[in-house]
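>>> Sequence and predicted structure, then a few things I'm wondering about:
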Protein chains: 2
Amino acid sequence: MAMGFNKMLRFLSLKHLLMFSMALNLSLLLSRLIAESESLRFKIQKDEKSQENDHYCLVWGTRDNTCDTSTSDQSAAQVSKNTSPAALAEDVEVEKVIQPDSVIINLDHGDPTMYEQFWKKTGEKATIVIPGWQSLSYFSDISNVCWFLEPEFAGEVRRLHKLVGNANTDDRHIVVGTGSTQLYMAALYALAPTDTSKQPISVVSAAPFYSSYPLMTDFLKSGLYKWGGDAYTFNREEPYIELITSPNNPDGFTRKPVVNGTGGILVHDLAYYWPQYTPITSQLDHELLLFTVSKSTGHAGTRIGWALVKDKDIAQKMTKFIELNTIGVSKDSQLRAAKILRAVSDSCTDSADSESFFEFGRRLMTQRWKQLRDAVRTSGLFSLPEFTSDFCNYYEKYSELHPAFAWLRCEGDIEDCEKFLRDHKIITRSGKHFGRDIKFVRVSMLDREKNFGLFVERLSNITSETKFP
Amino acid sequence: MAMGFNKMLRFLSLKHLLMFSMALNLSLLLSRLIAESESLRFKIQKDEKSQENDHYCLVWGTRDNTCDTSTSDQSAAQVSKNTSPAALAEDVEVEKVIQPDSVIINLDHGDPTMYEQFWKKTGEKATIVIPGWQSLSYFSDISNVCWFLEPEFAGEVRRLHKLVGNANTDDRHIVVGTGSTQLYMAALYALAPTDTSKQPISVVSAAPFYSSYPLMTDFLKSGLYKWGGDAYTFNREEPYIELITSPNNPDGFTRKPVVNGTGGILVHDLAYYWPQYTPITSQLDHELLLFTVSKSTGHAGTRIGWALVKDKDIAQKMTKFIELNTIGVSKDSQLRAAKILRAVSDSCTDSADSESFFEFGRRLMTQRWKQLRDAVRTSGLFSLPEFTSDFCNYYEKYSELHPAFAWLRCEGDIEDCEKFLRDHKIITRSGKHFGRDIKFVRVSMLDREKNFGLFVERLSNITSETKFP
């Protein structure tokens, strides 16, 4: 019927088989090469995009009021005319070549882009893949008080706190929020008295306090709570909510409650209580603790924060706030944050990794604070807070504070420090927004390496001889 | 020096070359097979997870007040004791085998899980991959009024509106929000008068109105705006904000403003103005339009909504609200929503796809409304709104309304429709939450196929003979 095996062998000589086999090899190799070049092309495109973003931040940084003021500056105004990203990037390139000193360095916001370096090095371990059919529902875990909390994210939060030893998560409810900003408002809503016939409860914090607290508290003119100002001067005999930010934003100091009253309800904002910024001196165990990935891992764009809450009723009310405010929190970002937190924990426990996430952060922060202190010394026109070291339970040794912000003071006859630095094309946030005077500014220490390098270089060049540009 | 070419050829006979070549073939084929089996294993794991989720929703659905009431029901209470996901899933399986009629069908929320089917079929075209180093910054596009808006997402929003023809995006500002819920609040903040010496502005909507409007408006007791109730009865001579939800939630009718006053500011909530629900009769062009992916594509878990805003100042104030409320909107979810919207548009323009997204949605909604009307007819205890068809510019033919919710009325001596259905283990939302009486309930039409099938089957079995279980 068909050609016999021997006949076929004769027909298909060794040469034929070899040719066929080599052709197959070639086709398999080619298909692999094509797949790899696609993946490489994708990577290059992404890298180019990241590089491009780098340019905008260098010039504009932000669009908020502080930055809008800066656009009255001539070179910024020149740039602001070009609105397309490509035009912007080109403009910066031209500007840097022609007048390198005219680049505006924006350190107004604590944009944590410093951490990009670490995450690029980490590679696929921190990459998330979400198929189109996943996470359609509003609900994540209906057995939980916080029904929109992804269990995977909650698990990684508990694991990381246990590993770092900065907060007790046993018998605590986790409430996830769209950044800790939303959780701050959820906490006020949950803690304010329900008896609305009374005056709104006062919300206070020791100055210098985080500049957004007064705005976030009062912008909706709520009848439940109102901003009460500096906690040091609060002495009314009535219930109050005291915010304790520790380490403090803007000045980096460790904080305790300061109001000497009864009926105080405490909220601990612990965004910066991580080993890259401060010694972990104890495992905190208060009623309500706020954390955020923005400052712990650098993923501000995910807008994910979490609260550890002792009381179930409070956790339920906070959940209700988020339900009415945004019907839950992005599942995509929760899943991504889970993956990121897992990568952080793994980097600490896996000895094969040469440098853990916290070691990376600590090394950069130590180096940057040294550079900044050197620049301040060279300039002679500024001063910085001095910190004492403390025993860090995480590193098991004494270590120093290296806050995420520098609380810089202009010395001598410079009255308005923010304006003074703005004249030198350095955008910072004035002390007046933090309940202090305009001799102070807050400077972000978390920007990209290039920006930070430009900043310390420029600062060291501002001396009593060159102070008027 | 080295072995000559001829010598080498003699050494490596044709047989050797063939063996080497075939070994190489084998290794390349094996590596490919391993890669494919990994990908298949991943897919199977994911599918199992989705199947598991299906089980919870069938029983519990939600945890909010309406659902908490339902857990007083015996069989729900039995399930609620088991809090782990695995235990829950098993419980349901057991329950279904032993007492199939005792399964609680929760259609209280408009959880759009119906669309999972389409997205599973779509596959990788809707999958997003986000590397760990991407989107760290708070900022997305600093040249835009809405500085946290991802340009990719904005582009896809404009493309889809153009394709569907439901809204004009020319010269419009896009403001992205954590769901349209956040944009609703942002709109109130932006539209309320800045002169705070005056009374808060009244916010009204024609009854039956979306049940969350009164709660979202009043829960913070804002001094800027307050809930003013049913727009039909509002007749005060003062400025007001009127919400026009069209098609309306809960009853599906097309809406126009109803207040006959001056000084009215209009907000159009167009969550359901898409071709699967309603004929697209005109390209809307109002001052402020709200949309959301939850109801357009089914991705409620992403929490992404958008506003189309004519006035730049209003867009700026809405952006400010979101800045103070959550410092922007999840970038991960914006990027995912961009990919999803692109897949929707592509499914409409690419003729190779057998069924576009809107055709899929339309087919299912048509089928479900037929099933529901049949069940209502068989039962004889309920009634539904009747709709007239209209010319749809998108389909270029007359088409009918198939709303995302059924506004069901209990007829005869059944006074409390929500309670009546709850006794039959069907969870719905009472008409009283929508500014109407308790003869009405709202029922979600967007649940998974299995759930919806159980619902219509059970409803058709509730007759005047069986109405007391």
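Sure, I can see it.
>>> The nearest residue to A:Q276 once chain neighbours are set aside: neighbour count?
The shortest distance from A:Q276 to any residue that is not its chain neighbour, by C-beta to C-beta, 6 or more residues apart in numbering or on different chains, is 2.9 Å, and that residue is A:G361. Yep, even glycine has a C-beta here, placed from its N, CA and C like the rest. Other residues near A:G361 number 26, with proximity taken as other C-beta atoms under 10 Å in any protein chain shown.
>>> Tell me how far A:G361 lies from A:R448.
The spacing between A:G361 and A:R448, counted by C-beta to C-beta, to the nearest Å, is 14 Å.
>>> Phi, psi for the residue nearest to A:Q276 please.
According to degrees, to the nearest 10, the main-chain angles of A:G361 amount to phi -60, psi -50.
>>> and it, what does it touch?
A:G361 makes contacts with A:Y115, A:F118, A:W274, A:P275, A:Q276, A:Y277, as judged by C-beta atoms under 8 Å, 6 or more residues apart in numbering or on different chains.
>>> Looking at these, which is nearest chain B?
Nearest to chain B among those is A:Y115, at 6.2 Å by C-beta to the nearest C-beta.
>>> circling back to that earlier point, can you redo the contacts of A:G361 as a markdown table with neighbour count?
Written out in a markdown table, the entries for these read as follows (neighbours: other C-beta atoms under 10 Å in any protein chain shown):
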| residue | neighbour count |
| --- | --- |
| A:Y115 | 24 |
| A:F118 | 23 |
| A:W274 | 24 |
| A:P275 | 23 |
| A:Q276 | 22 |
| A:Y277 | 24 |
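>>> Tell me how many other residues crowd A:D251.
By other C-beta under 10 Å, 22 other residues sit near A:D251.
>>> wait, I meant A:Y398
Residue neighbour count, defined by other C-beta under 10 Å, stands at 11 for A:Y398.
>>> quick check, it in a strand?
Yes. Secondary structure of A:Y398, determined by DSSP: H, G, I helix; E, B strand; the rest coil: located in a strand.
>>> so who does it touch?
When the contact criterion is C-beta under 8 Å, 6+ apart, the partners of A:Y398 are A:P279, A:S389, A:D390, A:F391, A:C392.
>>> That one bridge partners, please.
Under the criterion DSSP bridges, A:Y398 forms beta bridges with A:F391.
>>> How about A:V176?
Using DSSP bridges, the bridge partners assigned to A:V176 are A:W306.
>>> re the thing from before, mind giving me JSON lines with the contacts of A:Y398 and columns for pLDDT?
Compiled in JSON lines, the contacts of A:Y398 are given as follows (pLDDT from 0 to 100):
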{"residue": "A:P279", "pLDDT": "98"}
{"residue": "A:S389", "pLDDT": "95"}
{"residue": "A:D390", "pLDDT": "97"}
{"residue": "A:F391", "pLDDT": "98"}
{"residue": "A:C392", "pLDDT": "97"}
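>>> May I ask which of those has the most neighbours?
Among these, the one with the most neighbours (other C-beta under 10 Å) is A:P279, at 21 neighbours.
>>> quick one, strands of the stretch 351-469 of chain A?
Taking DSSP state E, counting those that start in this stretch as the criterion, the stretch 351-469 of chain A carries its strands at A:382-383, A:390-392, A:397-399, A:405-410, A:426-427, A:429-430, A:440-444.
>>> Partner strands of the first one and their direction?
What that stands for is strand A:382-383. Taking DSSP bridges as the criterion, strand A:382-383 pairs within the sheet with strand A:405-410 (antiparallel).
>>> Okay, now the unreliable bits of chain A?
Along chain A, the parts satisfying pLDDT under 70 run over A:1-100, A:351-353.
>>> what's the helix or strand for the residue nearest to the spatial centre of it?
For chain A, the residue sitting closest to the mean C-alpha position, by C-alpha atoms, centre = their mean, is A:S294 at 2.5 Å. Taking DSSP states H and E as the definition, one finds A:S294 inside helix A:293-296.
>>> Can you give me the buried ones in that helix?
Taking 16 or more other C-beta atoms under 10 Å in any protein chain shown as the neighbour-count basis, helix A:293-296 is seen to contain the buried residues A:V293, A:S294, A:K295, A:S296.
>>> And for stretch A:122-136?
Buried-residue list, stretch A:122-136, by 16+ other C-beta under 10 Å: A:T122, A:A126, A:T127, A:I128, A:I130, A:P131, A:G132, A:W133, A:Q134, A:S135, A:L136.
>>> May I see the residues you listed organised as a markdown table, with distance to A:H286 and secondary structure added?
A markdown table is the format used below for the buried residues of stretch A:122-136 (distance: C-beta to C-beta, whole Å; DSSP: H, G, I helix; E, B strand; the rest coil):
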| residue | distance to A:H286 | secondary structure |
| --- | --- | --- |
| A:T122 | 32 | helix |
| A:A126 | 31 | helix |
| A:T127 | 35 | coil |
| A:I128 | 32 | strand |
| A:I130 | 35 | strand |
| A:P131 | 40 | coil |
| A:G132 | 41 | coil |
| A:W133 | 41 | coil |
| A:Q134 | 36 | coil |
| A:S135 | 32 | coil |
| A:L136 | 37 | coil |
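>>> from these, which are also near chain B?
A:T122, A:A126, A:T127, A:I128, A:I130, A:P131, A:G132, A:W133, A:Q134, A:S135, A:L136 (C-beta under 8 Å from any C-beta of the partner chain).
>>> Surely the last one and B:W119 touch.
So that's A:L136. Yes. Taking contacts as C-beta atoms under 8 Å, A:L136 lies within contact range of B:W119: 7.2 Å.
>>> Now the common contact residues for the two.
Once C-beta under 8 Å, 6+ apart is applied, the residues that A:L136 and B:W119 both contact turn out to be B:G298.
>>> Out of the contacts of A:Y398, which comes closest to A:L459?
The shortest distance between A:L459 and any of the contacts of A:Y398, using C-beta to C-beta, involves A:S389 and amounts to 24.7 Å.
>>> ok, back up a step: any idea which of the strands of the stretch 351-469 of chain A is most buried?
Using mean count of other C-beta atoms under 10 Å in any protein chain shown, the stretch among the strands of the stretch 351-469 of chain A with the greatest mean number of neighbours is strand A:440-444 (a mean of 26).
>>> and that strand with strand A:405-410, angle?
Here strand A:440-444 runs at 150 degrees with respect to strand A:405-410, directions being taken by axes from the mean of the first three to the mean of the last three C-alpha atoms, to 10 degrees.
>>> Strand A:440-444 and chain B in contact?
No. Applying C-beta under 8 Å from any C-beta, one finds that strand A:440-444 is not in contact with chain B, the shortest distance being 11.2 Å.
>>> and the nearest residue to A:L284 once chain neighbours are set aside, what does it touch?
Distance criterion C-beta to C-beta, 6+ apart; nearest residue to A:L284, sequence neighbours excluded, is A:A167 at 4.9 Å. If a contact means C-beta under 8 Å, 6+ apart, then A:A167 has A:H161, A:L270, A:Y273, A:Q283, A:L284, A:D285, A:L289, A:F291, A:L308 as its contacts.
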